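In: the following block contains a protein sequence and its predicted model.
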Amino acid sequence: MTLRRARWRSALALLGLVCALAVGSAAAQERELDPRVFEIGRELRCPTCVSESVGESSAAIAREMRVMIQEQLDQGASRAEVLAFFQERYGDWILQNPPMRGMNLLVWLLPIAAVLVAVVVIARLLRRWRVAAETPVDVDPSDLDRVRAELRSGFGDGADR
Amino acid sequence: MVSLGVLGSSALTLALALSIYAAVAGVLGAVRRDARLQTSARLTAIAVFLATTTAIVVMQAALLTDDFTVKYVAEHSRIESPVWVKVVTLWAALEGSVLLWAWLLTAYAAVLAVTAPNTILRPWALVVMQVVAIFFLSVVTFAANPFIVLANPPLDGPGANPLLQNHWMMAVHPVLMYLGFVGLTVPFAFAMAALITRRPGTEWMRLTRRWTLLGWGFLTAAIVTGGWWSYEVLGWGGYWAWDPVENVSILPWFTATAFLHSIQVQERRRMLKSWNLLLIVLTFSLTLLGTFLIRSGVVSSVHAFGDGPVGPFFLTFFVIVALASISLVVWRWDQIRDRADLDSVVSREGAFIGVNVLFLAMAFAVLLGTVFPLFVEATTGARVTVGAPFFDAITLPVWMVVLLLMGVGPLLPWRRAETQTLRSNLLVMTGALVLAVVIAFAFGMRRPYPLLTLGLAGWNLASVGLLLAGAIVPRARITGRSLGEVFTRYAFEQKRRVGSMVVHLGVIVIAIGIVGSGGYRVDQQLRLAYGERVAYQGYELQALRPFAEQEAGRASVGVEVAVWRGDRQITVLTPRINRFGTNQMTVPTPSVHYTAGHDLYLALAGAVDPAQDFVIIRAVTSPLITWIWFGGAIIVLGTAYALSPGDRPLRRRVEAEAPAGAEA
């Protein structure tokens, strides 16, 4: 698994290099970026980072991607178009928010299903407990007699007191 | 002279041997009801603590004297580092943190051995503490021994991870985290003891109530300080990114918070016995599972400082703990099965059950989201990302309901709420909610979550007001004392209750900080030519000059940026890039102007080149973000207040002048 991951990383790094070439020199990065760039960047995964978004990371590829986002916004692209652009190149993996389809449905639906199951189970328990609260407790008649007798005789003669 | 490495290893081995003895003697003493063996086990718990303390002292001595024959020092310390960095290097990497964890655990075990009341639970609780200690001591002795002696010691080491050296918070946050984890081990130990001794009543939770609260308080403080550390160090203007390490630290917090509330149901109503046992087992297991996930490298994270060979150990121990405690619960099922009765869902216990479901739901969703990429890759080979937007989307609605219940719950009486009182209370609170939303709307807020959160803040403030009024006004009326006097007396006598109100207020303050900074944050990358003033969010930023500094073990370059508002220069910020020792890693370090309304946060986004007449800056304004740290402080104060001694038992209060029926 590690080997495959390493290969992935190097492939991505290569991809980053291609992007860098497309962007041009480092000087191109030294430009102003709008707030929207960071908002959109936070929805994209930084490909070479461990678990940071493009909006957060200071890795080289994240900076390049921020510039690419800005350039696309300058050309009038919408947020959805920018996200689609990266999704096309990297796949669904690049999106921080897993799109709701295929396997990903599980991660969205399981918590909801779990809550529903919990609510049903608890509702049934609560009903049982409410019934328990309403039904009089079964008491052994002999116990009841004993309590009555002790109440009549008052304190003082009980062995435990 | 004996080398420090050998001394430290010996201390650890001794601690392990003593700990095994304490566990065995404890079991025998408990089974045979042999008081002498039990005493021996208790005294040994103190000896274990002394042995681990020796190991800690030896490690500090090695770090402070730069003894590079000790492997841990050679790998993580550096001669030129300042003293405080050397001291905190103890927990800057894996082996040292496990050592610290083991030390704190044996410290708690020793304190328990001395102070825990002599009940049938005590011997078994101490045994469980020692078994956990045996695990940690074995890990630190065999799998991750920091004291290994190097045959060819280097002349100098690389120093601690630069991210950790970069902020003094590093001296505080990890210790708080371990204090929290260890604190929650105590109720777990007593819960196990309760199961073993067939006494699953309320005794175990009464004995550990303070420990639970203490552990929870430390965990909360650790999470908040961790967020502040991220904010001050990571340089992107945020504090929480739903990174795996952050997620696994909040998982036990979710279950511990649920536990803190649901034990009250058992104390008052004798319900939820099995549920509480399962919750504390879950909390403790989650600390182990979390440590496994991040230390084994199966999920990767920006904060995973030091992978190591301990992953399998934690996984094994997690499986053992989970299996053992669940079999115990099943085995004792007859005793712990609830014979509960519930008069009405609209009651205090109903609210507590609701809040339990919500916290457990969040714990489940966060755990699922954290391990989901791993699960998908293992089954299909495909790679998916589950990032911050997912966690926000799935937890924010739940938080809203939590805040809603937080206002209602404390006002509901046990058993059954009177419809009349409830209705008038809800009317007042709804009024406050609507008022807060209208005011926020008038100030231009349009996003749903911030609006709703502010509304719920109003709702909760009204709730606290009603709670206090309900407690104080009748007392004042009957006793004829002034409101202030009655309040002081009430605050003094009802420390747990008043402490919980303070904690809830802190939660509200944090919630406002979170939605403010999350919903209205602005990030911008600016090009500042030296001398020129550039407008940004109502400020003007003016790069003055680049600078370079050299300190012990640290080199930094940065830029002085004057911050103007109109004609007034407010402050000069100094975003910089730090480098530590020979480490090639550069750490961009932001500079923050803190205010109650919003923070101005500057970080360098490009190189500082003297030949260049401009500098690239990332500027972030986060409204209300300081409220998060402030709210964290309020929660800590509230917890400390609830824990402070002098909480009189109920009997004494009845003798005082409070009349029957004055209780809110």
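Out: The structure has been received and is ready for your questions.
In: contacts for stretch B:634-641, please.
Out: B:213-214, B:216-217, B:220-221, B:224, B:495, B:498-507, B:509-510 (CB atoms under 8 Å, 6 or more residues apart in numbering or on different chains). C-beta: built from backbone N, CA, C; applies to glycine.
In: could you rerun that using 10 Å?
Out: Stretch B:634-641 has contacts (CB atoms under 10 Å, 6 or more residues apart in numbering or on different chains) with B:176, B:213-214, B:216-218, B:220-221, B:224-225, B:491, B:495-496, B:498-510, B:627, B:647.
In: equivalent analysis for stretch B:461-469, please.
Out: Stretch B:461-469 has contacts (CB under 10 Å, 6+ apart) with B:406-411, B:421, B:424-433, B:435-436, B:456, B:483, B:487, B:490-491, B:497-498, B:500-502, B:504-505, B:508, B:664.
In: try it again at 6 Å.
Out: The contact list for stretch B:461-469 (CB atoms under 6 Å, 6 or more residues apart in numbering or on different chains) reads B:407, B:410-411, B:425, B:428-429, B:432, B:501, B:664.
In: also stretch B:76-95?
Out: Contacts of stretch B:76-95 (CB under 6 Å, 6+ apart): B:59, B:63-64, B:66, B:72, B:96-97, B:100, B:144, B:146, B:156-157, B:159-160, B:164-165, B:170-171, B:174, B:306, B:308, B:552-553, B:581.
In: next step: those restricted to helices.
Out: Filtering the contacts of stretch B:76-95 for membership in helices, criterion DSSP state H, returns B:59, B:63-64, B:72, B:96-97, B:100, B:164-165, B:174.
In: quick one, longest helix in chain A?
Out: helix A:104-134.
In: and for residue B:213, nearest residue in space, chain neighbours not counted?
Out: Residue nearest to residue B:213 in three dimensions, not counting chain neighbours: residue B:643, with 5.7 Å by CB to CB, 6 or more residues apart in numbering or on different chains.
In: surely residue A:111 and residue B:365 touch.
Out: Yes: the criterion here is CB atoms under 6 Å, and residue A:111 meets it with residue B:365 at 3.8 Å.
In: these two: who's more crowded?
Out: Using other CB atoms under 10 Å in any protein chain shown as the criterion, residue A:111 and residue B:365 rank with residue B:365 on top: 24 against 21.
In: contacting residues around the closest residue to chain B within chain A?
Out: Ranked by CB to the nearest CB, the top residue of chain A for proximity to chain B is residue A:96, at 2.9 Å. By CB under 6 Å, 6+ apart, the contact list for residue A:96 reads A:43, A:45, A:53, B:385, B:387-389.
In: now with 7 Å, please.
Out: Counting by CB atoms under 7 Å, 6 or more residues apart in numbering or on different chains, residue A:96 touches A:42-45, A:53, B:385, B:387-389.
In: what of residue B:381?
Out: Not one residue lies near residue B:381 by CB under 7 Å, 6+ apart.
In: do you know the pLDDT at it?
Out: With respect to pLDDT, residue B:381 scores 83.
In: same check on residue B:589?
Out: 90.
In: how many residues are close by it?
Out: 20.
In: then the one 4 residues further on?
Out: Counted by other CB under 10 Å, the residues lying close to residue B:593 total 16.
In: I'd guessed it sits against residue B:575; true?
Out: No: with contacts counted by CB atoms under 7 Å, residue B:593 stays clear of residue B:575, the gap being 11.1 Å.
In: which residues touch residue 35?
Out: All of this refers to chain A. B:522-524.
In: that's the wrong chain, I meant chain B
Out: Contacts for residue B:35 (CB under 7 Å, 6+ apart) come out as none.
In: any figure for the gap between the residue of chain A closest to chain B and residue B:248?
Out: When distance is defined by CB to CB, to the nearest Å, residue A:96 is 19 Å away from residue B:248.
In: try residue B:149
Out: Computed as CB to CB, the residue B:149 to residue B:248 distance reads 33 Å.
In: mind checking which of these two has more residues around it?
Out: Using other CB under 10 Å as the criterion, residue B:149 and residue B:248 rank with residue B:248 on top: 23 against 15.
In: from residue B:625, how far out is the more buried one?
Out: Using CB to CB, one gets 24 Å for the distance from residue B:248 to residue B:625.
In: which parts of chain A sit against chain B?
Out: A:30-35, A:38, A:42-43, A:45, A:50-53, A:56, A:58, A:92-93, A:95-98, A:103-104, A:107, A:110-111, A:114-115, A:118, A:122, A:126, A:129-130, A:132-133 (CB under 7 Å from any CB of the partner chain).
In: in PyMOL, how would I select just the buried ones from the residues you listed?
Out: Selection of the buried residues among the residues of chain A next to chain B in PyMOL, burial being defined by 16 or more other CB atoms under 10 Å in any protein chain shown:
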select buried, chain A and resi 30+33+34+35+38+42+43+45+51+52+53+56+58+92+93+95+96+97+98+104+107+111+114+115+118+122+126+129+130
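In: the helices in chain A, which residues?
Out: So, for chain A - with DSSP H - the helices run A:2-23, A:35-41, A:60-74, A:79-90, A:104-134, A:141-153.
In: in a markdown table, list those helices along with mean pLDDT.
Out: What follows is the helices of chain A, written out as a markdown table (pLDDT from 0 to 100):
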| stretch | mean pLDDT |
| --- | --- |
| helix A:2-23 | 39 |
| helix A:35-41 | 94 |
| helix A:60-74 | 93 |
| helix A:79-90 | 94 |
| helix A:104-134 | 88 |
| helix A:141-153 | 84 |
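In: ok, of the contacts of residue A:35, which one's closest to chain A?
Out: Among the contacts of residue A:35, and counting by CB to the nearest CB, the member closest to chain A is residue B:523, at 3.6 Å.
In: the closest one belongs to a strand?
Out: Yes: assessed with DSSP: H, G, I helix; E, B strand; the rest coil, residue B:523 lies in a strand.
In: give me the neighbour count for it.
Out: 25.
In: interface residues of the stretch 251-400 of chain B facing chain A?
Out: B:300-302, B:340-343, B:345, B:353, B:357, B:361, B:364-365, B:368-369, B:372, B:376, B:380, B:383-390, B:394.
In: so which of those sit within helices?
Out: Residues of these located in helices (DSSP H): B:353, B:357, B:361, B:364-365, B:368-369, B:372, B:376, B:380, B:388-390, B:394.
In: just the buried residues of these.
Out: Listed as buried from those are B:353, B:357, B:361, B:364-365, B:368-369, B:372, B:376, B:388-390, B:394; burial here means 16+ other CB under 10 Å.
In: quote the end-to-end distance of stretch B:263-278.
Out: One end of stretch B:263-278 sits 12 Å from the other (CA to CA, to the nearest Å).
In: buried ones in that stretch, by neighbour count?
Out: Across stretch B:263-278, burial judged by 16+ other CB under 10 Å covers B:263-266, B:269, B:271-278.
In: likewise stretch B:394-414?
Out: Across stretch B:394-414, burial judged by 16+ other CB under 10 Å covers B:394-396, B:398-400, B:402-412.
In: now intersect the contacts of stretch B:461-469 with the helices, please.
Out: Per DSSP H, the contacts of stretch B:461-469 map to helices at B:407, B:425, B:428-429, B:432, B:501.
In: could I get the residues you listed as CSV with pLDDT and distance to chain A?
Out: As requested, the ones in helices among the contacts of stretch B:461-469 are exported to CSV (pLDDT from 0 to 100; distance: CB to the nearest CB, whole Å):
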residue, pLDDT, distance to chain A
B:407, 93, 21
B:425, 92, 23
B:428, 94, 28
B:429, 95, 24
B:432, 95, 28
B:501, 94, 27
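In: what is the burial count for residue 48?
Out: I went with chain A, as the question did not name one. Neighbours around residue A:48, by other CB under 10 Å: 16.
In: other chain: chain B
Out: As a burial measure, residue B:48 scores 32 neighbours (other CB under 10 Å).
In: list the contacts for it?
Out: Counting by CB under 7 Å, 6+ apart, residue B:48 makes contact with B:15, B:18-19, B:22, B:106, B:109, B:133.
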